[in-house]
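Q: how would this look folded up:
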Amino acid sequence: MKLVILFQATPPNPLPSLLILLVITIIIISIVRYHNKKRNHDRRENRLLIEQFIQQSKHNDYSDFNVKKSGIDSTKIEFFIATMSDKFHSDDLLLIRSRLEALDDNRLIMIQSIDYKKPTTILIVSFFLGCFGIDRFILGENLLGILKLITCGGFFVWAIIDCFTALNRTREYNINKFLQFSV
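A: The predicted structure is shown next:
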């Protein structure tokens, strides 16, 4: 009895699969970099506009009017900054103070009611659930969250990178929310 071997099983070559994974990871990282550059550019533009607004408001002369310049009590501003200082970059606190000084009490109540995200909470979520993109969904970055979910955190590379950038991304999200509602 002779056994006829029609074909010989050879192990599959893992090189094409690894190359595909590498290409997908590079594409994801480039998308994230582009998104971060765009966000930083928008943030710089917002800061320039805010600085122009502050300079214009400083040059306004209220001495011709008998009416007191409307604004928020300084203790309320100090309280807001003291309670929210961990949710913003330290260099944004001066900008926040100047924006609050130009607002009235009704706007302050609205700004205090905004749901600011805690950076440490996003860091913990990013560490444990980052491969599913939950941290991106929480910060309102739905497209990146879906990409991260589909690729299982960019094959864990993207998830690891996001663990290191979670605090900064959360603080940028908070300042953008503040600027959106303090106009």
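
Q: make it CA atoms for all contacts and neighbour counts henceforth
A: Will do.

Q: What segments of this structure are helices?
A: 15-59, 74-84, 93-101, 105-112, 119-129, 134-138, 142-150, 152-155, 157-181 (DSSP state H).

Q: averaging pLDDT over each of the ones you listed, which comes out lowest?
A: Of all the helices of the chain, the minimum mean pLDDT falls on helix 15-59 (a mean of 70).

Q: Any idea how many residues pack against Phe137?
A: Residues lying near Phe137 (other Cα atoms under 10 Å) number 15.

Q: Now for it: which residues touch it?
A: Shown in contact with Phe137 (Cα atoms under 8 Å, 6 or more residues apart in numbering): Gly145.

Q: How many residues are close by Leu19?
A: 11.

Q: Now do it against Ile26, distance only.
A: 10 Å (Cα to Cα, to the nearest Å).

Q: Likewise for Ser126?
A: 20 Å.

Q: what do you get for Asp135?
A: 21 Å.

Q: Just want to know which of the two has more residues nearby.
A: Per other Cα under 10 Å, whichever of Asp135 and Ile26 has more neighbours is Asp135, with 30 against 15.

Q: How about the contacts made by the closest residue in space to that one that isn't next to it in sequence?
A: Using Cα to Cα, 6 or more residues apart in numbering and skipping the chain neighbours, the partner closest in space to Asp135 is Ser126 (5.3 Å). Applying Cα under 8 Å, 6+ apart, we find Ser126 in contact with 133-135, 159, 162-163, 166.

Q: rerun at 7 Å
A: 135, 162-163, 166 (Cα atoms under 7 Å, 6 or more residues apart in numbering).

Q: ok, these vs Asp73, which is closest?
A: Of all the contacts of Ser126, Asp73 sits closest to Ala166, with 33.6 Å by Cα to Cα.

Q: my guess is the closest one contacts Ile124, does it?
A: No - at 8.9 Å, Ala166 does not count as touching Ile124 under the criterion of Cα atoms under 7 Å.

Q: Looking at those two, which one has more neighbours?
A: Ala166 (24 against 15).

Q: Now that one. Nearest residue, chain neighbours left out?
A: For Ala166, the spatially nearest residue (Cα to Cα, 6+ apart) is Leu123, at 5.3 Å.

Q: do you know how far the one you found is from Leu139?
A: Counting by Cα to Cα - Leu123 and Leu139 are separated by 12 Å.

Q: The two - which one has more neighbours?
A: Leu123 (22 against 18).

Q: these two touch, right, that one and Cys163?
A: Yes - assessed by Cα under 7 Å, Leu123 is found in contact with Cys163 at 6.2 Å.

Q: Which residue, other than its chain neighbours, is closest to Leu167?
A: Per Cα to Cα, 6+ apart, closest to Leu167 is Pro119, 4.8 Å.
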